[in-house]
Structures are given as C-alpha cells and as structure tokens.
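Participant: prediction below, plus the sequence it came from.
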Protein chains: 2
Amino acid sequence: VINQVQLQTMLASKASRVVHAARGCAVVDFGLRRVHGTDAGLKSARAFHIAGVTATSNVLAGKRYGIPIAGTMAHSYVQAHASELEAFRSFAEVFPSTVLLVDTYDTLDGVRNVIQLSQELGSGFRVRGIRLDSGDLGPLATQARALLDAAGLEHVGIFASGSLDEHEVERLLDGGAPITGFGVGTHMGVSSDAPYLDIVYKLVEYAGAGRIKLSPDKLVRPGPKQVLRVEQSGAALHDLLAVAGEDLPGRPLLELVMKNGNRLDSGRVPLEAARAHAAAELRKLPDRVRALRPADPPYRVQSSALLDVRTREGAARVLRRPP
Amino acid sequence: VINQVQLQTMLASKASRVVHAARGCAVVDFGLRRVHGTDAGLKSARAFHIAGVTATSNVLAGKRYGIPIAGTMAHSYVQAHASELEAFRSFAEVFPSTVLLVDTYDTLDGVRNVIQLSQELGSGFRVRGIRLDSGDLGPLATQARALLDAAGLEHVGIFASGSLDEHEVERLLDGGAPITGFGVGTHMGVSSDAPYLDIVYKLVEYAGAGRIKLSPDKLVRPGPKQVLRVEQSGAALHDLLAVAGEDLPGRPLLELVMKNGNRLDSGRVPLEAARAHAAAELRKLPDRVRALRPADPPYRVQSSALLDVRTREGAARVLRRPP
C-alpha cells in the first residue's frame, strides 16, 4: 500500500508543479520510457491526469483509465524515409491533423519542409503543429514562429519537448517563447529532483491503546489523527494536526477509505472527480505555497495541545527514564 | 523494452556502487516501499542481486527469482508490546537467530534490553545481531559494540539502516564504525541521485541502409555497432565504438539477444551466471573507474575511423546543405 501511495502522491505533486508552470498551455505526458517499470508506467499517467496534465502518450494507460491520448511522431518514422519531406507527406496523409517533429536533421530546415508541405497540400493542409525536441528551444521557437507566420501558417502551434521540467517550462515562458504546448517525459516521470517521498506506514494504535515511536527525527505520535485546515475566505491559512475527534476549528482533510484491510466504497472516487477535487484544493492554497520555489516562511503546520500531551504521556510509558 | 533496460541497468549500477562501498559487509535490499510501483519492486531486487547485493527483504521477489531473503523486525512489532523487552522475548522465541531492532524508543536502552534477554536465555540465546535504524549511526555502533562486548556478546553483529547510500556507507566504514551489515532502501531503490538513465531506442538501419539522427547533443550514428574493449593483462584500458564486423583489436561486448522482435535462447542467462558475469566484468575495470567519485580523466571511449566516415556520409545524405 505505502509503495503505491508514495508513488502516486509524489508523481501527482511533481506534475502539478509542471502544470502550474505551463500557465494553461497543454502538458502531455511523455514519460513511459523513463518511469521505473510497467506498473509505474500506468499509475504515473493516472496520477498526472489527476494533477491536471492534459493528455498522455501512453496508449494503454489512456484506454485503461479513460485519459485523453495524444502524441506526435517518432524520429524513426522520419529516418525510415528517403527524406524528411517525404516522411512528412506520408505521415500527414495518414494523420492529417498531426504535429510534425522537425528536429531529426535540422530544426529550421524541418520547419521549411512543413511550409513546403503546406504549399503542396493547399487547402488540404490540416497539420496542427510542429514539435521542437532539441537545441535551444526558446530561440528556435521564435525563429520557427517567424517562418511559419511569414508563410501564412499562424494557426500552426509550436510544441516543445526534450528534458523539460517545471523550471525549464517557466524559463521558456518567462523568456516569451511562442510555445503552445509541452511534452514532458523523464523529469516528470521519475520526479527527478525528488524521486521519493519519505512517508511510512506506522502503528499508532494497538489493542485499543495509542502507540509511539521515539527514534531521533522519526517521532511517531500515538493514536489516530485528523488534519484540520484553517481557512479564511476559502484560502488556506495553516493546518493543525490533532487527535481524531478533537473539537477544534478547521476543515477536516482525512476521510476513512479503508477499514479492516478493505477499501470502502466511499474511497472509490471517479478519476474526473479526483481531478476536479485536486484542482479545487490547489486553488485554495496561497500563491506563495503554490510557487515553484519553497515558501519562506514555510506553510504553518502545528500540532494540537492534546496531541502534545498524549505524545509526552506515551513517551513516559515506554522509556526506562522519563525524557 | 527500453523502459525495462533503463530501469534494471540504472538500479544494478547504483547497487554495484553500494556493494563496492560496503567492502565485503552484507548489503540487504530494503527498497520495496520506496521503489516506483510493483514491477520495479520485483525487478529492482533482481537487478540488485545481479550487482552483488547479498539478500532482499522482498519475499515475493526472493521466491520468484531465487534470491536469498533476509530481514529483521518491524517497529510495529515492538510498539505492539507493552515493553521493548517483552517484544524481544516474543520475537526471539519465534525467530531465535534473528536481528533485533533496538531504536524504537532509545537505541542504547534497546541494546541493554538485548543484553538482558541474553542473560535470561543463557545458552539458548541465539540472536545474530542488532539493528540501528536512526540517529548518528557511527557513534551509536561504537557504543553498542562496547556494551555488547562487555556483556560477552562479541559474536552479535551490528546491522545499520536508515537513509543509507554508497557515500554514507563509505563514510561509516572510513570512520571505523564496527558495522557488519547494511540495510539499504530508499536511495538504492530509486537510484535517488541519478533516478533515470538517458538511453534511447533509435533506428540505425532500415531497408538495408544506415539511418542517422542529427539533433543537437542527440547524434545517432548510422548502422549496427560493436563495442570493443581494449584490455591489457585482463584490465580494461579503453573502449572503441565501431561498425559491427570491423576487424579491430579488442574484446566485443555486444551479443545478439533479440532477433525479429523475439528473444533468442542465447539471451537467456541464469541469474547466478549473470551475477558472476557482472562481478568478473567489474573486477576488470581500473580502480579509478570503480571508485565512487567520477574518474578524472574519464574512462576513454572513442569511435572508429570507419564509423566517423559513415556518420559524415549519412549526414551529407539527409541535410539540405552539407554540414
């Protein structure tokens, strides 16, 4: 259980940062080849969708979970043809409203081949966009935009990919790059700067009594808890970690989803409802907490007085010498 | 395919670094709760075993692949009892030659409880070791060793765990910590400082002709390759990337394991043979390449003159303007 919770929480958190940085531009999951195995391949696409990612290039995950599927074309398709232009001709014949990958040999020559195709096809040209996958994406996007606009292809979008993460997406958009969508793979797929979430499954109650763990930097407080979010005008102010059932102000965040080892029906949420819930909860967080840099001072999380008392009592029970 | 190759190559590489740092001490895989999903949970244990890890705490992986299974006890077992000493009594009754986890409440008091158990059990005391899982492991190991030795328990080993990686293992052993085994989880399980391996599946030949890709920093050279390792007295000097079939000095490293999309029987290697092969190949690398810090200058990898010619010819064929 903890393996799945840490995986999906971590990947959804990473993806929500990428979506935030993309400021409404499409974000497509390209992570399958880099994620750690087949289970993560499916679960990552699901977690990303909940976090607000637009679509996935993972066809099986898309079909299994009902996630929009999107992708562009592969370099191998271009390479298998005698020339890039010939590859574009063939691909657009099968997939008229596609996104053509222009960087296999030379990015701007690739854009010129797209323009030539548009001239060949005339009103039959329905290509939606081009994809840049290497080089300095900001300047290349600007140059590609200029070439496309000069050819009357203002409606053709520019999709960028290649080692992107939330910081690179932010840098590109801050620099004014005319990019309309991002394909994000490796860094989102493995949450590369934070590839694990240090959560644990710990005993807090047994035989009706609270249980404690006192290992340095790994304190486990006794008994079931509730997290109360204190809000003002719909915006989160701080959280309070309390003993379950304590009568304190704040909106309770924890709900019972498993009992006696079985998942409860109340724990089964449709994917779209989970996505909407995530978006609504994220909107309630202050901007400084949602920003890509760590909030300073950090978001405040305190424990209740009763929980502190129970912790001290629990420690006294198990220690040879009182703390 | 590429998903599995990158996962297992990356994790085996990380694990071989941990094994190297442990200098013959046991290394047990504790990674299941942190790896990315269930597939990675199984495959990581397999990759770790090939790389020289002693055992895994993942029982299913151990049974499925024939990997030695080892573990200690859980904090929850200690917490569920009225006292730590009572928990140790119960656990040692069921698993006499176990490793007792001593840090739930206070590490050195935990060691004293192990000593008390040894006095209670007398000649029936068969506990193999203690496990330290938090705090400053080096000084704690030294203090625990002194307590155990003073009680005549010189044969009881000290097993350390808790956010370990190859650098921390090296630091502990360099500092003279009397540790006999390491449990390594999170950092090895997700290869935390290098959680992806930037390898790709690329087309190099199609319809009998070599194919090239020229994207900046992502050059793909045309045609099938061979890697030749040039050795002297059994030690690797440098590698040469050559056109497959070129008559050049060096030991070929690549073997055909798939054909027409199917795995060949020659590609099926028993796990123990893979483990022995990995150990033998690692022994042939120079010490400076096996060290934890990057080799400076790096290990030399060059391309053959013929491969360079083919690359230039391939580029000229696909570019509008010769490079």
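Facilitator: Right, received. Where do you want to start? Numbering: from 1, shown residues only, chains lettered A, B, ... in the order given.

Participant: ok, now which ones touch the closest residue in space to residue A:25 that isn't next to it in sequence?
Facilitator: Nearest residue to residue A:25 in three dimensions, chain neighbours excluded: residue A:181, at 5.5 Å (C-beta to C-beta, 6 or more residues apart in numbering or on different chains). In short, each C-beta sits where N, CA and C put it, glycine included. Contacts for residue A:181 were tallied using C-beta atoms under 8 Å, 6 or more residues apart in numbering or on different chains; they are A:25-28, A:54, A:129, A:157-160.

Participant: can you rerun that using 7 Å?
Facilitator: Contacts for residue A:181 (C-beta atoms under 7 Å, 6 or more residues apart in numbering or on different chains) come out as A:25-26, A:28, A:157, A:159.

Participant: turn the residues you listed into JSON lines, columns for secondary structure, neighbour count and distance to residue B:270.
Facilitator: Formatted as JSON lines, the contacts of residue A:181 follow (DSSP: H, G, I helix; E, B strand; the rest coil; neighbours: other C-beta atoms under 10 Å in any protein chain shown; distance: C-beta to C-beta, whole Å):
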{"residue": "A:25", "secondary structure": "coil", "neighbour count": "18", "distance to residue B:270": "50"}
{"residue": "A:26", "secondary structure": "strand", "neighbour count": "19", "distance to residue B:270": "47"}
{"residue": "A:28", "secondary structure": "strand", "neighbour count": "24", "distance to residue B:270": "41"}
{"residue": "A:157", "secondary structure": "strand", "neighbour count": "20", "distance to residue B:270": "52"}
{"residue": "A:159", "secondary structure": "strand", "neighbour count": "24", "distance to residue B:270": "46"}
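
Participant: got any ranges where chain A has weak pLDDT?
Facilitator: For chain A, the stretches flagged by pLDDT under 70 are A:320-323.

Participant: for it, longest helix please?
Facilitator: helix A:2-21 (DSSP state H).

Participant: list the contacts of that one.
Facilitator: A:27, A:40, A:43-44, A:47-48, A:50-53, A:165-166, A:169-170, A:184, A:188, A:191, A:194, A:196-197, A:199-201, A:282, A:290, A:292, B:32-37, B:41.

Participant: now, which of the residues you listed lie within strands?
Facilitator: When strands are assigned by DSSP state E, the members of these inside them are A:27, A:184.

Participant: so how do I select the buried members of the contacts of helix A:2-21 in PyMOL?
Facilitator: To isolate the buried members of these in PyMOL, using 16 or more other C-beta atoms under 10 Å in any protein chain shown:
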select buried, (chain A and resi 27+40+43+44+47+48+50+51+52+53+165+166+169+170+184+188+191+196+197) or (chain B and resi 32+33+34+35+36+37+41)
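
Participant: wait, doesn't residue A:89 sit right on residue A:116?
Facilitator: No. Here residue A:89 lies out of contact with residue A:116, judged by C-beta atoms under 7 Å, at a distance of 9.5 Å.

Participant: show me where the stretch 1-150 of chain A has its helices.
Facilitator: With DSSP state H, counting those that start in this stretch as the criterion, the stretch 1-150 of chain A has helices at A:2-21, A:38-51, A:59-65, A:75-79, A:84-94, A:107-121, A:137-150.

Participant: mean neighbour count, those helices: which tops it?
Facilitator: With neighbours defined as mean count of other C-beta atoms under 10 Å in any protein chain shown, the helices of the stretch 1-150 of chain A peak in mean count at helix A:38-51, which reaches a mean of 25.

Participant: and chain B, is it touching that?
Facilitator: Yes. Using C-beta under 7 Å from any C-beta of the partner chain, helix A:38-51 reaches chain B at A:38-41, A:43.

Participant: what does that helix rub up against?
Facilitator: Residues contacting helix A:38-51 (C-beta under 7 Å, 6+ apart): A:7-8, A:11-12, A:15-16, A:19, A:29, A:31-32, A:35, A:56, A:58, A:60-61, A:64-65, A:67, A:188-189, A:271, A:274-275, A:278, B:3, B:36-40.

Participant: try it again at 8 Å.
Facilitator: Contacts for helix A:38-51 (C-beta under 8 Å, 6+ apart): A:4, A:7-9, A:11-13, A:15-16, A:19, A:29, A:31-32, A:35, A:56, A:58, A:60-62, A:64-65, A:67, A:188-189, A:271, A:274-275, A:278, B:3-4, B:36-40.

Participant: now do stretch A:266-274
Facilitator: A:46, A:49-50, A:65-67, A:255-258, A:277.

Participant: go with 6 Å
Facilitator: The contact list for stretch A:266-274 (C-beta atoms under 6 Å, 6 or more residues apart in numbering or on different chains) reads A:50, A:65, A:257.

Participant: between those residues, which is closest to chain B?
Facilitator: residue A:65 (14.7 Å; C-beta to the nearest C-beta).

Participant: can you pull the contacts of that closest one?
Facilitator: Contacts of residue A:65 by C-beta under 6 Å, 6+ apart are A:46, A:271.

Participant: for chain B, what are the nearby residues on chain A?
Facilitator: A:2-3, A:7, A:33-34, A:36-40, A:43, A:75-76, A:79-80, A:103-105, A:109, A:134-135, A:186, A:190, A:192, A:195-196, A:203, A:206, A:211, A:213-216, A:218, A:318-320 (C-beta under 6 Å from any C-beta of the partner chain).

Participant: all strands for the stretch 151-300 of chain A, in order.
Facilitator: Secondary structure of the stretch 151-300 of chain A (DSSP state E, counting those that start in this stretch): strands located at A:157-161, A:181-184, A:205-206, A:209-210, A:225-232, A:235-243, A:251-252, A:258-259, A:262-263.

Participant: CA atoms only: put the longest one into PDB for me.
Facilitator: The reference is to strand A:235-243. The C-alpha coordinates for strand A:235-243 follow below in PDB (Å, rounded to 0.1, in the frame of the first residue of the first chain):
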ATOM      1  CA  ALA A 235      -7.900  30.400   1.300                       C
ATOM      2  CA  ALA A 236      -5.800  28.200   3.500                       C
ATOM      3  CA  LEU A 237      -4.100  29.900   6.400                       C
ATOM      4  CA  HIS A 238      -2.500  27.000   8.200                       C
ATOM      5  CA  ASP A 239      -3.000  23.300   9.200                       C
ATOM      6  CA  LEU A 240      -3.500  21.700  12.600                       C
ATOM      7  CA  LEU A 241      -2.500  18.100  13.300                       C
ATOM      8  CA  ALA A 242      -5.000  17.000  16.000                       C
ATOM      9  CA  VAL A 243      -6.200  13.900  17.800                       C
END
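
Participant: buried residues, it. List them.
Facilitator: Those would be A:236, A:239-240, A:242-243, for strand A:235-243 by 16+ other C-beta under 10 Å.

Participant: quick one, phi/psi of residue A:197?
Facilitator: phi -120, psi 120 (degrees, to the nearest 10).

Participant: look up how far residue B:114 lies from it.
Facilitator: Remark: distance between residue A:197 and residue B:114 (C-beta to C-beta, to the nearest Å) = 33 Å.

Participant: then residue A:202?
Facilitator: Taking C-beta to C-beta, one finds residue A:202 at 22 Å from residue B:114.

Participant: how many neighbouring residues does residue A:279 have?
Facilitator: 14 (other C-beta atoms under 10 Å in any protein chain shown).

Participant: tell me who's in contact with it.
Facilitator: By C-beta under 6 Å, 6+ apart, residue A:279 has no neighbours at all.

Participant: 7 Å - rerun?
Facilitator: residue A:52.

Participant: from residue A:20, how far out is it?
Facilitator: Residue A:279 is 11 Å from residue A:20, where distance means C-beta to C-beta.

Participant: residue A:200 now?
Facilitator: 28 Å.

Participant: now residue A:281
Facilitator: From residue A:281 to residue A:20 the distance is 13 Å (C-beta to C-beta).

Participant: do the same with residue A:46
Facilitator: For residue A:46 relative to residue A:20 (C-beta to C-beta), the value is 19 Å.

Participant: next one: residue A:293
Facilitator: 12 Å.

Participant: next one: residue A:260
Facilitator: Applying C-beta to C-beta, the value for residue A:260 to residue A:20 is 38 Å.
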